[in-house]
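Fold the following.
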Amino acid sequence: MPSFQTSLEFLAILCCSLFSGAALYINLVEHPARMSCGVGAAVAQWAPSYRRATWLQAPLAAKGTACALMAWLNGSGPEWLVGGVLLGAVIPFTLLVIAPTNRKLLSLPSGSRLEETRELLEKWNRLHGVRSCLAFAALVIFLLDARH
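Okay, the predicted model is just below:
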């Protein structure tokens, strides 16, 4: 039977893997596909996608972070602290850095200038890419430590 510490590590890896996969999918597949449909369609699709993704990604980041930090507190190596901090960093990054762009995109008036809207969507994708990188880095750290 796996130890509590091993179970926490497994849950941290699971949550981080799911978060990373979803985040990378959004950056590499979903957002380019939405942008290929034109700015008007892209911004119309972005809002419901953003709302739905929030309910998936926020809990994964929070639970993965909590499990990694609890694993570290229960004797796992410092890699679990580092990975937990990296994964956890997506939460304040989202709230402090990405949220203003999200609010602008959600409150765009009908008939907004297409170039401004395109720039906002491109900025959002770059910022979301930071979240993807943070989570992927955490996942690599977790997986490298887990193989020992």
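
Show me the strands in the chain, by range?
Shown for the chain, no strands are assigned by DSSP state E.

For stretch 115-132, C-alpha coordinates in PDB please.
What follows is the C-alpha trace of stretch 115-132 in PDB, where atoms were taken according to Å, rounded to 0.1, in the frame of the first residue of the first chain:
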ATOM      1  CA  GLU A 115      -7.100  45.500 -34.300                       C
ATOM      2  CA  GLU A 116      -7.500  46.300 -30.600                       C
ATOM      3  CA  THR A 117      -9.400  43.100 -30.100                       C
ATOM      4  CA  ARG A 118      -6.800  41.100 -31.900                       C
ATOM      5  CA  GLU A 119      -4.000  42.700 -29.800                       C
ATOM      6  CA  LEU A 120      -5.900  41.800 -26.600                       C
ATOM      7  CA  LEU A 121      -6.400  38.200 -27.700                       C
ATOM      8  CA  GLU A 122      -2.700  37.900 -28.700                       C
ATOM      9  CA  LYS A 123      -1.600  39.400 -25.400                       C
ATOM     10  CA  TRP A 124      -3.900  37.000 -23.500                       C
ATOM     11  CA  ASN A 125      -2.400  34.000 -25.400                       C
ATOM     12  CA  ARG A 126       1.200  35.200 -24.500                       C
ATOM     13  CA  LEU A 127       0.200  35.600 -20.800                       C
ATOM     14  CA  HIS A 128      -1.500  32.200 -20.800                       C
ATOM     15  CA  GLY A 129       1.700  30.800 -22.300                       C
ATOM     16  CA  VAL A 130       3.500  31.800 -19.100                       C
ATOM     17  CA  ARG A 131       1.000  29.800 -17.100                       C
ATOM     18  CA  SER A 132       1.600  26.800 -19.400                       C
END
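
could you give the mean pLDDT of it?
When pLDDT is averaged along stretch 115-132, the result is 96.

ok, Val85 - how many residues close by?
Other residues near Val85 come to 16 when the count uses other CB atoms under 10 Å. Just so you know, the C-beta spots here come from the backbone N, C-alpha and C atoms, and that holds for glycine as well.
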